[in-house]
Each structure stands twice: as structure tokens, then as C-alpha cells.
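K.L.:
Generate a structure from the sequence data that follows.
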Amino acid sequence: HVQLVESGGGSVQTGGSLRLSCTFSGIHDHIYCMGWFRQAPGKEREGVAAIYTGATGTNYADSVKGRFTISRDNAKNTLYLQMNSLKTEDTAVYYCATDPAKVGFAYWGLGTQVTVS
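P.N.:
Numbers count the residues shown, from 1 in each chain. I've put the predicted structure just below:
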């Protein structure tokens, strides 16, 4: 049974930082990809960052490059998103998700709210 639980969201001022965590279970170590997505009110969900098997490959949306960093700690079964230099347009509900074997992001957490003002 796969479970993903996000935490670390909150309210922060423009220019501030937050670190999101996603604790996962029921996922084996050789999963293809894990990612962070976000959805702002009235907008479609968008991909923010992704990390691939072996934690050697990452990918970022242009809007967050240079500000956000995705990482994964297999020993702690946790995915992270370090967010720096936050902007008001980063306000959204942030979700973590996993693509187990190049089949698409099949498993999702319930999300954590990030508000930047």
C-alpha cells in the first residue's frame, strides 16, 4: 500500500524560504521518479521538480530554476523540496507524487498549502 504524506507548508513573506517534506511508504528504492507539483487557485496543476532513480537526475520548471531544490533521502523515506527566494506566484497547494516505472505519476499525497505574501 503506497502512502505519501506532505508536510512543511505554511505562510511566509516574499523572499523567504520553506522546506517541504514528503514521507513515503510502500515504495521500493528503485522507483523511476518522484516529483513535486503545485496547483494555485483557478489554475491547472503544474510540475515543479522531479528526481530520478539514483538521485542523479533532476528536472525543474523554468519558473523555479535556481530557487528550488529537490532531493531524496532513501534512508528516511523522505522527499524534500527546498524553496528559497519565494514569490507571491509560488502560492499554491504543493503535492508530491511518484512514477514507479515510467507509467506516469500514479500515486499522490494530499498536499500542503504554501502561501507567500
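
K.L.:
which secondary structure element contains the residue nearest the centre of the chain?
P.N.:
Central residue of the chain (C-alpha atoms, centre = their mean): residue 36, 2.5 Å from the mean position. Using DSSP states H and E, residue 36 maps to strand 33-39.

K.L.:
Give the pairing partners of that strand; include direction for each.
P.N.:
strand 46-52 (antiparallel), strand 92-99 (antiparallel) (DSSP bridges).

K.L.:
can you list contacts of it?
P.N.:
With C-beta atoms under 8 Å, 6 or more residues apart in numbering as the test, strand 33-39 has contacts from 20, 22, 24, 45-53, 70, 72, 79, 81, 90, 92-99, 102, 105, 111, 114. Glycine gets a C-beta too; all of them are placed from N, C-alpha and C.

K.L.:
try 7 Å
P.N.:
45-52, 70, 72, 79, 81, 92-99, 105 (C-beta atoms under 7 Å, 6 or more residues apart in numbering).

K.L.:
filter those to the buried ones?
P.N.:
48-52, 70, 72, 79, 81, 92-99, 105 (16 or more other C-beta atoms under 10 Å).

K.L.:
for residue 12, which residues make a bridge with it?
P.N.:
residue 116.

K.L.:
need the contact list for it.
P.N.:
Contact analysis of residue 12 by C-beta under 7 Å, 6+ apart lists 18, 86, 116.

K.L.:
Neighbour-wise, which one of those residues leads?
P.N.:
Most neighbours among the contacts of residue 12, by other C-beta atoms under 10 Å: residue 86, with 22 neighbours.

K.L.:
so what's that one up against?
P.N.:
So, once contact is read as C-beta under 7 Å, 6+ apart, residue 86 ends up touching 12, 14-18, 116.

K.L.:
so how far is residue 105 from residue 64?
P.N.:
18 Å (C-beta to C-beta, to the nearest Å).

K.L.:
before we move on, what about residue 27?
P.N.:
Distance of residue 27 to residue 105, computed by C-beta to C-beta: 12 Å.
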